[in-house]
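Asks: sequence first, predicted coordinates after that:
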Amino acid sequence: MVLEMKVPSPGESITEVEIAEWLVEDGDYVEKDQAIAEVDSDKATLELPAEASGIITLKAEEGDAVAVGAIVCLIDTSAEKPAGGDDAPKEEKVAKEEPKKEAAPAEKAPEKKETYATGTASPAAKKVLAEKGVDTKEVKGTGKDGRITKDDAVKATPSMGTPSTGSRGTERKKLSMLRRKVAERLVSVKNETAMLTTFNEVDMNPIFELRKQYKEEFKSKHGVGLGFMSFFTLAVVRALKMYPSVNSMIDGKEMISYDFCDISIAVSGPKGLMVPVIRNAENLSFRGVEAEVKRLAIRAREGEITVDEMTGGTFTITNGGVFGSMLSTPIINPPQSAILGMHNIVERPIARDGAIAIAPIMYVALSYDHRIIDGKESVGFLVAIKEALESPEELLMDGNVKKALEL
């Protein structure tokens with residue numbers, strides 16, 4: 001019996017996927033539930049498991065875009081597993097290839113001399129080369145008698161100055177479907193929103209002191225660390241309640257506002273940026289936020305995150321500080337209307353109580369869609385976050401640190 005394996009639907013809005021990599025070869029024996037391929041959607045990279053055991057026949061190439069529901073491979077379930085396991089087919093293949101080595105070597109073909117054009121180019125090629133500022137003498141023609149074709153001109157690159165004796169290699173590879181979709185969204189955000197960014201600075205000393213005092217006890221009891229993300233997430237939840245337009249988005253001619261806070265957290269994964277969502281963050285404690293951030297981050301970095309876990313956020317937090325960023329203007333995560341950028345923490349001189357003091361300072365940035373969020377609201381939102389982070393015991397913990405940390 002031959003089983004036809006079809007592309008499963010990774011999510012509601014996804015109509016096609018791309019074969020990123022086959023993990024098996026045509027003719028291999030595969031076990032049921034064995035990962036046979038990695039497929040890229042426009043939101044995530046997922047593994048495709050074998051639906052049965054048997055000999056596999058591939059029906060799509062790496063890089064092919066395949067519609068959801070299309071057949072990507074066949075599995076002959078009646079085939080028996082080769083004796084000796086996976087090594088048997090390989091040994092057989094080697095045995096078949098060995099006689100080739102004993103064959104008499106073919107006569108060496110006369111070396112083909114490369115033909116370079118000496119200024120002869122088609123009219124279309126001349127135009128392209130002129131626009132690029134490339135001399136025809138620098139281009140190797142592939143046409144008849146070394147004539148430079150338009151395709152040669154398109155592929156030609158301008159000289160980079162004086163000749164170099166170092167490596168000059170280049171590599172061209174196709175962008176993954178995920179990367180292409182991210183690129184499209186980033187461009188659309190710049191083109192379709194009135195994006196502005198406002199900045200502020202936060203004295204992180206109060207949070208440093210709380211973490212220094214309670215982080216060991218917190219980790220011992222809850223099994224997760226007391227990081228910065230829980231403070232920022234709860235500060236964002238508080239600010240979103242104060243400024244509901246920031247927790248909104250545009251749908252055509254209408255503005256949709258939410259009474260819940262689904263916070264997207266940008267995480268760097270093996271396939272690029274992932275943005276898993278913390279659902280109903282307004283109902284979570286410090287422990288709940290830290291546990292959820294850890295769970296989602298691990299799933300994203302191990303490639304196990306699902307499309308559903310990255311869909312539907314109402315606001316995004318991104319932390320470029322983990323890579324050393326001092327300041328940036330984060331790009332809105334559509335269709336959301338705002339994103340908060342965290343940055344690195346550096347000891348800087350500040351004025352405190354009329355005197356100069358050294359404090360751990362973080363610059364924060366809020367990029368927002370000016371179509372529905374006014375300057376007053378955006379500045380007020382960021383100030384509310386600053387206030388909560390500089391007075392966490394009072395504004396985020398209701399004056400009771402032990403209770404807030406569930407210690």
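Replies: Okay, I see it.
Asks: longest single strand anywhere in this structure?
Replies: strand 355-369 (DSSP state E).
Asks: what is that one packed up against?
Replies: If contacts are counted by 3 or more CB pairs under 8 Å, 6 or more residues apart in numbering; DSSP states H and E, strand 355-369 sits against strand 195-203, helix 205-222, strand 338-342, strand 345-352, helix 375-390. C-betas here are computed from N, CA, C, even on glycine.
Asks: avg pLDDT for that strand?
Replies: For strand 355-369, mean pLDDT rounds to 96.
Asks: how about it as CSV, C-alpha atoms only?
Replies: Output of strand 355-369 as CSV, limited to C-alpha atoms (Å, rounded to 0.1, in the frame of the first residue of the first chain):
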residue,chain,number,x,y,z
ALA,A,355,23.4,66.0,43.4
ILE,A,356,25.2,64.0,40.8
ALA,A,357,24.8,60.3,41.2
ILE,A,358,25.8,57.2,39.2
ALA,A,359,22.8,55.0,38.3
PRO,A,360,22.1,52.0,36.0
ILE,A,361,20.1,53.6,33.2
MET,A,362,18.1,52.1,30.4
TYR,A,363,16.9,54.0,27.4
VAL,A,364,13.4,52.9,26.4
ALA,A,365,11.6,53.6,23.1
LEU,A,366,7.9,53.5,22.1
SER,A,367,7.2,53.3,18.4
TYR,A,368,3.5,54.0,17.7
ASP,A,369,1.0,54.5,14.9
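Asks: pull out the buried positions in it.
Replies: Ala359, Ile361, Met362, Tyr363, Val364, Ala365, Leu366, Ser367, Tyr368, Asp369 (16 or more other CB atoms under 10 Å).
Asks: dump these to a markdown table, plus distance to Gln213.
Replies: Below are those laid out as a markdown table (distance: CB to CB, whole Å):
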| residue | distance to Gln213 |
| --- | --- |
| Ala359 | 18 |
| Ile361 | 21 |
| Met362 | 20 |
| Tyr363 | 25 |
| Val364 | 24 |
| Ala365 | 29 |
| Leu366 | 30 |
| Ser367 | 34 |
| Tyr368 | 35 |
| Asp369 | 39 |
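Asks: picking that back up, deepest in the core, which of the helices and strands packed on strand 355-369 is it.
Replies: Compared across those, strand 338-342 shows the largest average neighbour count, a mean of 25 (mean count of other CB atoms under 10 Å).
Asks: spatially nearest residue to the residue nearest the centre of the chain, not counting backbone neighbours?
Replies: The centre of the chain sits closest to Leu273, judged by CA atoms, centre = their mean, with a distance of 2.2 Å. Closest residue in space to Leu273, ignoring its immediate chain neighbours: Ala266 at 6.0 Å, by CB to CB, 6 or more residues apart in numbering.
Asks: from Pro10, how far off is that neighbour?
Replies: Ala266 is 20 Å from Pro10, where distance means CB to CB, to the nearest Å.
Asks: would you map the helices across the stretch 151-300 of the chain?
Replies: Secondary structure of the stretch 151-300 of the chain (DSSP state H, counting those that start in this stretch): helices at 177-192, 205-222, 228-242, 286-301.
Asks: coming back round to it: the residue nearest to the centre of the chain contacts Ser264, doesn't it?
Replies: No. Here Leu273 lies out of contact with Ser264, judged by CB atoms under 8 Å, at a distance of 10.9 Å.
Asks: distance from the chain centre to stretch 50-68, please.
Replies: Centroid separation between stretch 50-68 and its chain, computed with CA atoms, centre = their mean, to the nearest Å, is 25 Å.
Asks: do stretch 202-211 as well
Replies: Put simply, stretch 202-211 sits 30 Å off its chain's centre (CA atoms, centre = their mean).
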